[in-house]
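> I'd like to go over a predicted model; first the sequence, then the structure.
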Protein chains: 2
Amino acid sequence: MTEAERIKIAIVDDHTLFRSGVTALMSEFDELKVVFEASNGQQMQQLLLKSELPQVVLMDINMPVMDGYEATAWLKIHHPKIMVLALSMYEDDKAVIKMIKSGACGYVLKQSKPRELLEAIQSVVQKGVFINEIVSGKLIRSISSNPDELKLSARELEFLKLCCSEMSYKEIADQMFVSPRTVDNYRESLFQKLNLKTRSGLVLYAIKNEIFKL
Amino acid sequence: MTEAERIKIAIVDDHTLFRSGVTALMSEFDELKVVFEASNGQQMQQLLLKSELPQVVLMDINMPVMDGYEATAWLKIHHPKIMVLALSMYEDDKAVIKMIKSGACGYVLKQSKPRELLEAIQSVVQKGVFINEIVSGKLIRSISSNPDELKLSARELEFLKLCCSEMSYKEIADQMFVSPRTVDNYRESLFQKLNLKTRSGLVLYAIKNEIFKL
DNA sequence: TTTTAGTAGGGTGTTTATACGGTATTAAAT
DNA sequence: ATTTAATACCGTATAAACACCCTACTAAAA
């Protein structure tokens, strides 16, 4: 395999051991060449200026400074030819969808074998996408279950976050500078939209949907 | 460096890419020899029978089948000479403490550089421990804040889990086959022990402390 | 053997939460 | 120009949650 035929890749992940490990593994494949590794999206931006351009970027999702979603979206605008392959630990529905929406061409789990990752990279270069059961399944579900997309107003969201506390509704009303009757409406509106009946239900919903972060 | 002088290590982690990556990286160090890699504690047990015994095991925490806590505790009983170095992504107070309690000699983050990991391994073999800021800090805090160790009874825990729902206390009482007055006692007892005042507080506590899993 | 902790139960309150009935204003959408 | 959605507010209920008083049994600990 000649130098020109090798697929040029970059790795963006904040876990140095993982990043270096993947670099070591991928470098062993004759078909690949690692042009740089970065610990977050911002560092990636800087390295793109100095380094040879990669064809594929292996992108972690959770990173400090600039995460995978941002970094992928940025690449789509500034380097549309560079393909992004999301590399994550969890097959979390929302994460998969969000990375695809941000512009990733595929989603590979960290549980994968080195050769599987190579195949995913090759698929992205040749076909433009890498679709496995993880991605296809989530995508179908996200589309089929989307019609009733709930929209909570800004005020309702604010109220919902405050519910995740020991404050009474009266105290929440004070905090939000509205009358207790008004927070009653927020509550009832949320109960109806979310099909809930109790404050505990609100708390659980907010946490499950990451509206309130622990 | 002769064969006998090399430190024999094993890696236990369910993320194949990470595991293989670390193996590749550590194999490059002349001072080390990777004798096996396993994807969880159970597989480690099997490989210990077939393979050369490692001196140090790099142990992930979250794994399917048998996690890092169990595997470390098992090693302390069946192979007390093998040192365990916890290898985790998060510097979560409880995780650190729990791994040390299970018998780990040190705690290294996946954000570390390859050479740092090598140094940690060497420290474990030479000194028996690897103490860095992560571990020492958490340990001190865990000791200083431990005297009032809360003990919730089995019944209280059961009640606390049921609170993480939309059930009323009356319904919880039915579920637990006790009178509503009795669940009042569980609630008040928890309020006192946990210094809480509301059911929302109970829900948040249960989730934060992983008594209720989402 | 007395004490302590856990379990289970009761009586009597007040406070909070929930349910359902309204009105009014504003800004954006049709 | 009218409708819709988001905002904010009020009254009157009942149901649930919370507070504080108490007894009693059992098993383990001091």
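Yes, it's here.
> going forward, measure contacts between C-alpha atoms and count neighbours the same way
OK.
> which SS class is the residue in chain A that DNA strand D sits nearest to?
Going by Cα to the nearest atom of the strand, DNA strand D is nearest to A:V178 of chain A, at 3.2 Å. Using DSSP: H, G, I helix; E, B strand; the rest coil, the structure places A:V178 in coil.
> mind checking how far it is from A:K170?
Separation of A:V178 from A:K170 (Cα to Cα, to the nearest Å): 9 Å.
> The two - which one has more neighbours?
It is A:K170, of A:V178 and A:K170, that has more neighbours when counted by other Cα atoms under 10 Å in any protein chain shown, with 15 against 12.
> Helices of chain A, start to end?
A:16-27, A:41-50, A:68-78, A:93-102, A:114-127, A:133-144, A:154-163, A:169-176, A:180-194, A:199-208 (DSSP state H).
> With respect to burial, which of these scores highest?
Of all the helices of chain A, helix A:16-27 has the most neighbours on average by mean count of other Cα atoms under 10 Å in any protein chain shown, namely a mean of 22.
> Say whether chain B is contacted by that helix.
Yes: using Cα under 8 Å from any Cα of the partner chain, helix A:16-27 reaches chain B at A:T16, A:L17, A:F18, A:S20, A:G21, A:V22, A:T23, A:A24, A:L25.
> quick one, what contacts the last one?
The contact partners of A:L25, taken as Cα atoms under 8 Å, 6 or more residues apart in numbering or on different chains, are A:P114, B:S20, B:G21, B:A24.
> Can you tell me which of those residues is closest to A:K8?
A:P114 (16.3 Å; Cα to Cα).
> which residues touch the residue lying closest to that closest one once chain neighbours are set aside?
Spatially, and ignoring its direct neighbours in sequence, A:P114 is nearest to B:L17 (5.9 Å; Cα to Cα, 6 or more residues apart in numbering or on different chains). By Cα under 8 Å, 6+ apart, B:L17 lies in contact with A:F18, A:G21, A:V22, A:K110, A:Q111, A:S112, A:K113, A:P114.
> For the residues you listed, give me a markdown table that also has distance to B:K208 and pLDDT.
As requested, the contacts of B:L17 are exported to a markdown table (distance: Cα to Cα, whole Å; pLDDT from 0 to 100):
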| residue | distance to B:K208 | pLDDT |
| --- | --- | --- |
| A:F18 | 28 | 96 |
| A:G21 | 33 | 96 |
| A:V22 | 33 | 96 |
| A:K110 | 26 | 93 |
| A:Q111 | 27 | 92 |
| A:S112 | 31 | 93 |
| A:K113 | 34 | 95 |
| A:P114 | 36 | 95 |
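> and A:F29, how many neighbours does it have?
A:F29: 13 neighbours (other Cα under 10 Å).
> So which residue is dead centre in chain A?
A:A95 (4.0 Å; Cα atoms, centre = their mean).
> Which pLDDT does the model give it?
We have a pLDDT of 83 for A:A95.
> check contacts around it.
Here A:A95 is in contact with A:I61 (Cα under 8 Å, 6+ apart).
> same question, A:P64
A:D14, A:N40.
> between the helices of chain A, which gets the lowest average pLDDT?
helix A:133-144 (a mean of 66).
> got CSV for the helices of chain A, with distance to B:F36 too?
Formatted as CSV, the helices of chain A follow (distance: least, Cα to Cα, whole Å):
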stretch, distance to B:F36
helix A:16-27, 16
helix A:41-50, 34
helix A:68-78, 32
helix A:93-102, 32
helix A:114-127, 17
helix A:133-144, 29
helix A:154-163, 48
helix A:169-176, 57
helix A:180-194, 50
helix A:199-208, 39
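> Mind putting the ones you listed into JSON lines with distance to DNA strand C?
Converted to JSON lines, the helices of chain A look like this (distance: least, Cα to the nearest atom of the strand, whole Å):
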{"stretch": "helix A:16-27", "distance to DNA strand C": "44"}
{"stretch": "helix A:41-50", "distance to DNA strand C": "34"}
{"stretch": "helix A:68-78", "distance to DNA strand C": "25"}
{"stretch": "helix A:93-102", "distance to DNA strand C": "23"}
{"stretch": "helix A:114-127", "distance to DNA strand C": "38"}
{"stretch": "helix A:133-144", "distance to DNA strand C": "22"}
{"stretch": "helix A:154-163", "distance to DNA strand C": "8"}
{"stretch": "helix A:169-176", "distance to DNA strand C": "4"}
{"stretch": "helix A:180-194", "distance to DNA strand C": "6"}
{"stretch": "helix A:199-208", "distance to DNA strand C": "4"}
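> Alright, that wraps it up for me.
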